[in-house]
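Colleague: One predicted model, sequence on top.
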Amino acid sequence: MPQVPYVPYPTAQPSTQGTPTLRLNTPSEAFGANVGQAIEGFGKGLEADSDKIFNRAIALQEMQNETAARNADVQASIDMGNLHAKFSALEGVNAGPKALEQYTSDLRDVYQKGRAALPNDDARRRYDSQALSVLARSIFNGAGHSAQQMKQASVKSAQAQVAQDADDLYNNPNEQGLDVYLDKARTSAHTVAAAQGLDPIATKELEDKYTSHQLSHLITGRAKQEPWKAGELLEQYRDRLHGEDITRVENSVQQAQRTTGARMLALQVNADLNDPDMEDHRPLTDRIKDVRELAAKQVPNDQLLPAYAEAQVEAGYNRWKQVQRDTEFQNKQTIEGALVGNYGKVPVTVDELRAIPDADAAWSSLKPSTQRHYLNVMSQIQRTGDRIPPAESLVERQKYVGMAQTDPAAFLDADVLGNEGLNIADKKYLIGLQGQVKKSAVQDPRLTRALQILGPDLQAAGISKSADPTTFYKYTGALFDQLQDYQTENKKAPKPEEVQAIGRRLLQEQAQPGRFWGTNQIRTFELSPPQETIDMIKDDIKSKDPTAQPTDEQIIRAYIREKYKRLYDTAAPSAGGEK
């Protein structure tokens with residue numbers, strides 16, 4: 001090849017190398033190498049793409065497995081959670097071993113159900129990694145709940161046993177078998193102590209508390225019927241009573257001795273009052289002396305027991321006297337009514353008198369001395385008959401009528417039938433008047449009984465005949481009205497507790513508008529309308545009946561009755577007591 005710059009002489013040099021190898025430049029493409037390379041590259045690319053597709057398919061399958069496992073795990077967790085909630089709601093023995101076993105089986109069923117629904121082992125493996133943890137926790141928590149509930153059931157069972165035994169001792173307060181009850185109390189205490197993990201000191205304290213509980217119920221139950229024996233038991237077991245039980249039992253026994261015990265002493269002292277053949281009974285003063293001595297001997301340390309016993313003796317004696325007076329008065333009314341002709345012909349002999357059924361029963365109930373008196377009266381009636389001049393009889397009659405108005409008690413005790421200055425007609429009238437006075441507000445037996453029941457309440461309210469007769473008569477009048485209303489509406493007399501409710505309601509203070517401003521607190525029985533209201537009521541009554549002449553007192557009593565009904569919705573409480 002020409003060279004620049006040109007060299008005019010040969011430049012070739014001799015070489016010491018051997019003859020060079022002959023090489024022909026033959027490109028591989030001339031023989032199809034490029035095709036093979038292309039095919040090889042296509043194969044490698046195809047292989048790489050296949051790997052990518054395969055890996056992608058694997059990833060998609062793993063995603064599907066993960067999704068299926070997660071969904072199954074979520075559903076299993078929900079189902080297991082519901083089972084756990086239901087089991088956790090069980091209490092006591094309802095959450096015991098059998099329930100726990102069933103709960104565990106249900107949890108496993110839920111787990112297996114979710115696992116069986118998965119399409120392959122990879123999904124199940126993924127499901128197991130989550131669901132087994134939930135299953136284990138649910139079983140563990142359920143077992144803890146079951147154990148706790150069984151412990152509580154054991155404690156409650158022991159406590160219920162103690163309570164039941166205490167009720168048995170209270171209702172059957174007998175020392176027979178007491179040691180058995182106390183042993184059961186100690187056993188229950190140890191059961192509770194074991195369940196609560198108490199130390200020996202706390203266990204002993206709980207044991208003492210339970211045995212004290214049983215002894216206290218034995219003593220208070222005994223106090224209901226045998227207060228003196230209950231007092232002996234209190235002293236016998238005082239050292240074994242625990243804490244507050246001592247105070248409670250002491251108060252219960254003391255109260256029983258002052259009520260039931262005082263009544264027992266009073267019945268002992270007043271026992272002779274039940275003898276129908278005895279006419280002359282000891283005076284009240286002797287009875288009070290005897291019962292106070294008995295009370296002081298029975299419980300020397302109780303300074304108030306003699307006073308309670310005295311009150312019981314006096315109340316019992318007064319009730320007996322009242323019953324005697326009422327019964328005797330009724331029998332006398334029957335006999336005297338027969339002797340003045342209320343049953344037809346006036347009897348002149350005992351046989352004729354006893355031929356009248358009512359008079360026969362009354363005659364048999366009279367004391368011999370009273371029977372002798374009526375025999376004399378029968379003779380006197382036969383002698384005088386209607387020969388007493390009307391004018392003379394009228395003078396005697398008026399005397400008794402005045403006595404009935406001013407001193408009804410004396411009038412009721414008056415021997416009208418034995419008065420030889422009265423004729424038969426006036427005797428008959430006055431005997432009837434005695435019956436009317438007996439039924440009046442002050443003398444009615446129902447009212448007398450009610451006032452005895454309400455004695456403590458009236459004393460507390462400061463109401464008595466001696467201290468303030470006006471207030472006393474006003475209250476008794478209002479009380480009598482309510483008793484009559486109750487009798488009319490219920491067709492029966494009120495029970496003692498109903499009488500007490502009526503009486504206390506009348507003593508309750510009510511707000512009444514003041515005369516000029518504000519309100520005043522007025523007791524129900526003292527309520528009264530303003531004068532203008534009274535006058536308006538009078539005018540209204542007279543407009544309906546011109547002959548009516550109502551007094552202010554009558555209107556005020558009617559106003560109180562109406563106010564009482566409006567305040568309490570009824571004239572008297574039902575048998576269940578106040579509402």
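Modeller: The structure has been received and is ready for your questions.
Colleague: Count the residues that sit near the residue nearest to Ile388 when sequence neighbours are not counted.
Modeller: Distances taken as C-beta to C-beta, 6 or more residues apart in numbering place Asn423 nearest to Ile388, at 4.1 Å, with adjacent residues excluded. Bear in mind the C-beta positions are built from the backbone N, C-alpha and C, glycine included. A total of 19 residues lie near Asn423 under the criterion other C-beta atoms under 10 Å.
Colleague: go on, Thr247?
Modeller: Using other C-beta under 10 Å: Thr247 sits among 10 other residues.
Colleague: Equivalent analysis for the one 10 residues further on, please.
Modeller: Applying other C-beta under 10 Å, we find 25 other residues in the vicinity of Gln257.
Colleague: Cross-check the contact I'm expecting between it and Leu304.
Modeller: No - checked against C-beta atoms under 8 Å, the pair Gln257 and Leu304 is beyond contact range at 9.8 Å.
Colleague: so what's the residue lying closest to Gln487 once chain neighbours are set aside up against?
Modeller: Take Gln487 and drop its neighbours on the chain: the residue closest to it by C-beta to C-beta, 6+ apart is Ala493, 6.1 Å away. The neighbourhood of Ala493, defined by C-beta atoms under 8 Å, 6 or more residues apart in numbering, consists of Arg446, Leu483, Tyr486, Gln487.
Colleague: Any of the residues you listed buried? List them.
Modeller: Arg446, Leu483, Tyr486 (16 or more other C-beta atoms under 10 Å).
Colleague: what about the second one, which helix or strand?
Modeller: Element membership of Leu483, judged by DSSP states H and E, is helix 469-490.
Colleague: buried stuff in the next helix or strand after that helix?
Modeller: Downstream of helix 469-490, the next assigned helix or strand under DSSP H and E is helix 496-507. Neighbour counts using 16+ other C-beta under 10 Å place Glu498, Val499, Gln500, Ala501, Ile502, Gly503, Arg505, Leu506, Leu507 of helix 496-507 among the buried residues.
Colleague: isn't Leu375 right up against Val348?
Modeller: No - judged on C-beta under 8 Å, Leu375 makes no contact with Val348 at a distance of 11.2 Å.
Colleague: what's the closest non-adjacent residue to Leu458?
Modeller: Nearest one to Leu458, counting by C-beta to C-beta, 6+ apart, is Ser464 at 6.7 Å.
Colleague: just Ala461 next, same as before
Modeller: Leu507 (5.3 Å).
Colleague: ok, now how distant is that neighbour from Thr104?
Modeller: 68 Å (C-beta to C-beta, to the nearest Å).
Colleague: Then Gly142?
Modeller: Taken as C-beta to C-beta, the span from Gly142 to Thr104 is 7 Å.
Colleague: between these two, who's got more neighbours?
Modeller: Gly142 (23 against 18).
Colleague: Quick one: residues contacting that one.
Modeller: His84, Phe87, Ser88, Leu100, Tyr103, Thr104, Leu107.
Colleague: So for it, what's the pLDDT?
Modeller: Note for Gly142: predicted pLDDT of 84.
Colleague: Phi first, then psi, for it.
Modeller: phi -60, psi -40 (degrees, to the nearest 10).
Colleague: The one 5 residues further on now?
Modeller: With angles defined as degrees, to the nearest 10, Ala147 sits at phi -60, psi -40.
Colleague: Against Glu352, how distant is Ala72?
Modeller: Distance from Ala72 to Glu352, by C-beta to C-beta: 112 Å.
Colleague: and these two? which has more neighbours close in?
Modeller: When Ala72 and Glu352 are compared for neighbours, Ala72 comes out ahead with 23 against 14, by other C-beta under 10 Å.
Colleague: Setting the sequence-adjacent residues aside, check what's closest to the more buried one.
Modeller: Gly114 (4.2 Å).
Colleague: returning to that earlier point: Gly402: which of the contacts of Gly142 is nearest?
Modeller: Within the contacts of Gly142, the smallest distance to Gly402 is 88.8 Å, found for Ser88 (C-beta to C-beta).
Colleague: name the element that closest one belongs to?
Modeller: helix 33-89.
Colleague: Could you check how sure the model is about that helix, as an average pLDDT?
Modeller: 76.
Colleague: Going by distance to Arg282, which of the buried residues of helix 496-507 wins?
Modeller: Proximity of these to Arg282, judged by C-beta to C-beta, is greatest for Val499, which lies at 30.3 Å.
Colleague: quick one: contacts for the closest one?
Modeller: Counted by C-beta under 8 Å, 6+ apart, Val499 has contacts Arg449, Ala450, Ile453, Leu454, Leu483.
Colleague: Tabulate the residues you listed in TSV, adding columns for pLDDT.
Modeller: Listed next are those as TSV, based on pLDDT from 0 to 100:
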residue	pLDDT
Arg449	79
Ala450	84
Ile453	89
Leu454	88
Leu483	80
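Colleague: No further queries at this time; thank you.
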